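Student: Fold the following and give me the result.
(chains A and B)
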Amino acid sequence: MSKITSQSQDFSQWYLDIVKVAELADYSKVKGCMVIKPYGYAIWENIQRELDSRIKAADVKNVYFPLLIPESFLQREKEHVEGFMPECAVVTHGGGKKLTENLVIRPTSETIMYDTFSDWIKSYRDLPLKINQWANIVRWEMRTRPFLRTTEFLWQEGHTAHKDKAGADEEAHRALKMYEDFDRDFLALPVLTGRKSDKEKFAGALYTLSTEALAKDGKAIQAGTSHNLGMTFAESFNINYQDENGALQKVWQTSWGVSTRLIGTLIVVHGDEKGLRLPPKVAPTQVVIVPIYKTDGEERETVLKAARQIASDLKRFRVLIDERDTYTPGFKFTEWEVKGVPLRIEIGPRDLAKNSCILARRDTSEKTSLEISELFTAVPKLLDQIQENMYEQALKFREEMTSEIGTYEDFKKILEEKGGFLVTGWCGKETCEQKIQEETKATIRVIKEENTKCKCVYCGEKSSHKVYFARAY
RNA sequence: CGGGGUAUAGCACAGUUGGCUAGUGCGCUCGGUUUGGGACCGAGAGGCCGCAGGUUCGAGUCCUGCUACCCCGACCA
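Tutor: Sure, this is the predicted structure:
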């Protein structure tokens, strides 16, 4: 197994090393696309399972819409087409013949779905309409990196329609809260939440809400988004309903999504010099048992028998016994650490003689000896502690990396020397935002407060907005 | 789309001023010894030297043109 580049030496290379060495994904033969390997896909399946149940709990039904979208659908909404058309893959031929109308491979499904919404929604009784789909998306990005930005990626996109603005506001914020809770409880990711500036919002949206995590290199990463689409698409796609009084009304809509980028986010937030670290709840293997024995004689069977008994006692967790004879225990320790398995149990003749085993935590690298009989109660406790600790570590890091900024000089200095989130005033003008981005590469990640007294870090004018700036992925 | 780089075995690379049978390490297969923090010995398998032209008695090596990928920017989840 190859070595991992140090985070401090080259974070970007460290990231690529983790993806490869932890066997999350391979490059494919198609530019910008990746092959998600079993271990990486297992992480995605865990994300899917948990998030899907939370989505369903909000009374959202799963559906599936086509991959191909008539080009004219995208054309119907001006901002949307301007935002997405440049990065669309377009199908021009089918069955050996040129198509009468080009088909776009979905960069997102608003248009194809909302064309159908106009058929589905006729009465106020049809509202709210709340659907979700798990699908693949293609966006022809200039620059790609496994999980963080790929030409094709997997995601979940929720789409809802409501009677009025209040309904859409509530849904957009519900989805944001769902992501924030999911990130914290399941992925141990602390995220900032809030509204995006108009410059950063989704093409065609009234406003965009976002969850923002902080990578270990001090760069922000957008983990999930939720948009109030207003009546923009209702107008372009004629999504009308008759209200209680028989009057024709347009719907208010939302859309919200998270993608396989969450896996990249897990890597850049939790990973360390030894490799990946996975929070127990999302880890494909929560406990790995490494049996230690000499292959000849009875020792092997004795140790394996004990290991299997432990696995059986812990069967409500995802437990794996590494029974491979061709690798030494040391090799196995390293391999499972690289893959980020939260808890490792080592058991050999020395332990068995004392009816004990060794427990090794991935998050703290602590090793303790424990009676085998105690595992049944100790393991669940430890997994909870690891989950909690990883969140706390990430939160502490973010707090240390969040700086209150007064002057533009400080802004540039802190950004250069430290990175992280910069909390500062912003007048609300896109020109200042643009200048700051051009001069520092930092963008507004989310707006922190909208009704406060401060002044713009760039132009110095009085302002009511406090925002989080950061360089971002 | 700009800048930089690379293309030789599954992976990482070496291959000198053109030269005869293309190499090393890791990984893989087989046999044996091992196994408490990345084991060791021995024997093997595995190559359209990215593609297409050219120069030459002779090209992995020189020239031209393509193509692909990686890294750094701008654009974006």
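Student: Next, A:K3: secondary structure please.
Tutor: Here A:K3 is coil, with the state taken from DSSP: H, G, I helix; E, B strand; the rest coil.
Student: Can you report how many residues lie near it?
Tutor: 7 (other C-beta atoms under 10 Å). Any C-beta I mention is one placed from the backbone N, CA and C, and that applies to glycine too.
Student: now the residue nearest the centre of chain A: how far from A:L214?
Tutor: Residue closest to the mean C-alpha point of chain A, counted by C-alpha atoms, centre = their mean, is A:L262 at 2.1 Å. With the distance defined as C-beta to C-beta, to the nearest Å, A:L262 ends up 15 Å from A:L214.
Student: ditto for A:D17
Tutor: Distance from A:D17 to A:L214, by C-beta to C-beta: 21 Å.
Student: so how far is A:Y15 from A:G275?
Tutor: Note on A:G275: its distance to A:Y15, by C-beta to C-beta, is 11 Å.
Student: Likewise for A:G420?
Tutor: 18 Å.
Student: What of A:K413?
Tutor: A:K413 sits 26 Å away from A:Y15, taking C-beta to C-beta as the criterion.
Student: How about A:D410?
Tutor: In this view, A:D410 and A:Y15 are 29 Å apart by C-beta to C-beta.
Student: The least confident helix or strand in chain A by mean pLDDT: how far from the chain's middle?
Tutor: One helix or strand of chain A scores below all others by mean pLDDT, DSSP states H and E: strand A:25-27, with a mean of 81. Chain-centre distance of strand A:25-27: 18 Å, with C-alpha atoms, centre = their mean, to the nearest Å.
Student: cool, stretch A:295-306 as well?
Tutor: Computed by C-alpha atoms, centre = their mean, the chain-centroid distance of stretch A:295-306 equals 42 Å.
Student: Now tell me what touches that stretch from outside.
Tutor: The contact list for stretch A:295-306, computed with C-beta atoms under 8 Å, 6 or more residues apart in numbering, reads A:291-294, A:321, A:323, A:325, A:347-349, A:352, A:372.
Student: Next: stretch A:192-206.
Tutor: Here stretch A:192-206 makes contact (C-beta under 8 Å, 6+ apart) with A:77, A:79-80, A:82-84, A:110, A:176-177, A:179-180, A:207-212, A:225, A:227-230, A:232-233, A:255, A:421, A:426, A:430, A:433-434, A:443-448, A:450, A:467-468.
Student: Count the neighbours of A:T326 for me.
Tutor: 6.
Student: can I assume it sits in a strand?
Tutor: No - counting by three-state DSSP, A:T326 falls outside a strand, being coil.
Student: where's it relative to RNA strand B, distance?
Tutor: Counting by C-beta to the nearest atom of the strand, to the nearest Å, the gap from A:T326 to RNA strand B is 7 Å.
Student: what's that residue sitting at in phi/psi?
Tutor: Dihedral angles phi and psi of A:T326 (degrees, to the nearest 10) take the values phi -80, psi 0.
Student: list the contacts for it?
Tutor: Per C-beta under 8 Å, 6+ apart, neighbours of A:T326: none.
Student: Helix or strand: which one has A:F411?
Tutor: Element membership for A:F411, per DSSP states H and E: helix A:408-417.
Student: next one: that helix to chain centre, how far?
Tutor: Remark: helix A:408-417 is offset 28 Å from the chain centroid, using C-alpha atoms, centre = their mean.
Student: Then stretch A:155-163?
Tutor: 18 Å.
Student: for stretch A:55-64, same thing?
Tutor: In terms of C-alpha atoms, centre = their mean, the centre of stretch A:55-64 is found 19 Å from the chain centre.
Student: Pull out the buried positions in that stretch.
Tutor: A:55, A:60 (16 or more other C-beta atoms under 10 Å).
Student: First-to-last residue distance for it?
Tutor: 15 Å (C-alpha to C-alpha, to the nearest Å).
Student: one step back: quick check on A:D410 and A:Y15: which one has the bigger neighbour count.
Tutor: A:Y15 (24 against 15).
Student: What parts of the stretch 201-350 of chain A come near RNA strand B?
Tutor: Within the stretch 201-350 of chain A, the positions lying close to RNA strand B (C-beta under 7 Å from any atom of the strand) are A:202, A:222, A:225, A:259-261, A:292-296, A:325-331, A:333-335, A:337-338, A:346-350.
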